[in-house]
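>>> Any chance you can model this:
(2 chains)
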Amino acid sequence: DTGVSQDPRHKITKRGQNVTFRCDPISEHNRLYWYRQTLGQGPEFLTYFQNEAQLEKSRLLSDRFSAERPKGSFSTLEIQRTEQGDSAMYLCASTREGGYTFGSGTRLTVV
Amino acid sequence: AQTVTQSQPEMSVQEAETVTLSCTYDTSESDYYLFWYKQPPSRQMILVIRQEAYKQQNATENRFSVNFQKAAKSFSLKISDSQLGDAAMYFCAYRSPIITSGTYKYIFGTGTRLKVLA
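Predicted structure coming up:
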């Protein structure tokens, strides 16, 4: 097992475009979390999946954001009509019973 | 709601010396978990140390130890014999027990950037 993988590592997009990020968790981890980290801040919770069910969404997750975890394996996070304020590092973490394993993140820059 | 505060945006330490990073938190819960995570320039967060609130004994992992003061809601990290590889952002994090929250969601502080001087 190579840990939690996130793709792409970096994404530059023009304002108004849609972007999608992917997270592949550790295979036996049934819980998957998305966090957003802006410069000078700690990670902020976005959403949480237990298997394929999305059980919690932060108020930070506006209606332009959608996340899925089909079949309880990999997860995708899509941002529609990106805005400059969406520029951040998007972190994925997976766990089975509490201890997180983080991915390396996807850095999004909206120009 | 729980909050985590790291009041030191940046700290410096001489190689081989000891440094302490501060963290305070606010909660009304009596049972919870506290963590220190390290985020090197490569950006992958790595767990440094964890502390269960019901344990009075301070956690220790090699050169890393914590000073957990439950009544004061303080959770500082001490790094002994600092090495160049310790240079990173350090985040303090709080987690409620899953039996009460239903989730392993973390609340992070804003981080402390640690510089290690050769």
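>>> all strands for the chain, in order.
No chain specified, so I'll use chain A. Applying DSSP state E to chain A gives strands spanning A:5-7, A:10-13, A:19-24, A:31-37, A:44-50, A:53-57, A:65-68, A:75-79, A:88-95, A:101-102, A:106-110.
>>> was after chain B, sorry
Under DSSP E, chain B gives strands at B:3-5, B:10-14, B:19-21, B:24-26, B:33-39, B:46-52, B:60-61, B:64-69, B:74-79, B:88-95, B:106-108, B:112-117.
>>> Looking at these, which is nearest to chain A?
strand B:106-108 (3.2 Å; C-beta to the nearest C-beta). Glycine gets a C-beta too; all of them are placed from N, C-alpha and C.
>>> just checking, what packs against the closest one?
Judged by 3 or more C-beta pairs under 8 Å, 6 or more residues apart in numbering or on different chains; DSSP states H and E, strand B:106-108 is in contact with strand A:44-50, strand B:3-5, strand B:88-95.
>>> Distance check, residue A:56 against residue B:104.
The spacing between residue A:56 and residue B:104, counted by C-beta to C-beta, to the nearest Å, is 11 Å.
>>> can you redo the strands of chain B as JSON lines with mean pLDDT?
Converted to JSON lines, the strands of chain B look like this (pLDDT from 0 to 100):
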{"stretch": "strand B:3-5", "mean pLDDT": "96"}
{"stretch": "strand B:10-14", "mean pLDDT": "97"}
{"stretch": "strand B:19-21", "mean pLDDT": "98"}
{"stretch": "strand B:24-26", "mean pLDDT": "97"}
{"stretch": "strand B:33-39", "mean pLDDT": "95"}
{"stretch": "strand B:46-52", "mean pLDDT": "94"}
{"stretch": "strand B:60-61", "mean pLDDT": "92"}
{"stretch": "strand B:64-69", "mean pLDDT": "97"}
{"stretch": "strand B:74-79", "mean pLDDT": "98"}
{"stretch": "strand B:88-95", "mean pLDDT": "96"}
{"stretch": "strand B:106-108", "mean pLDDT": "94"}
{"stretch": "strand B:112-117", "mean pLDDT": "97"}
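>>> among the strands of chain A, which is nearest chain B?
strand A:101-102 (4.0 Å).
>>> Name every strand pairing with that closest one and say which way it goes.
strand A:88-95 (antiparallel) (DSSP bridges).
>>> by how many degrees do the partner strand and strand A:44-50 diverge?
40 degrees (axes from the mean of the first three to the mean of the last three C-alpha atoms, to 10 degrees).
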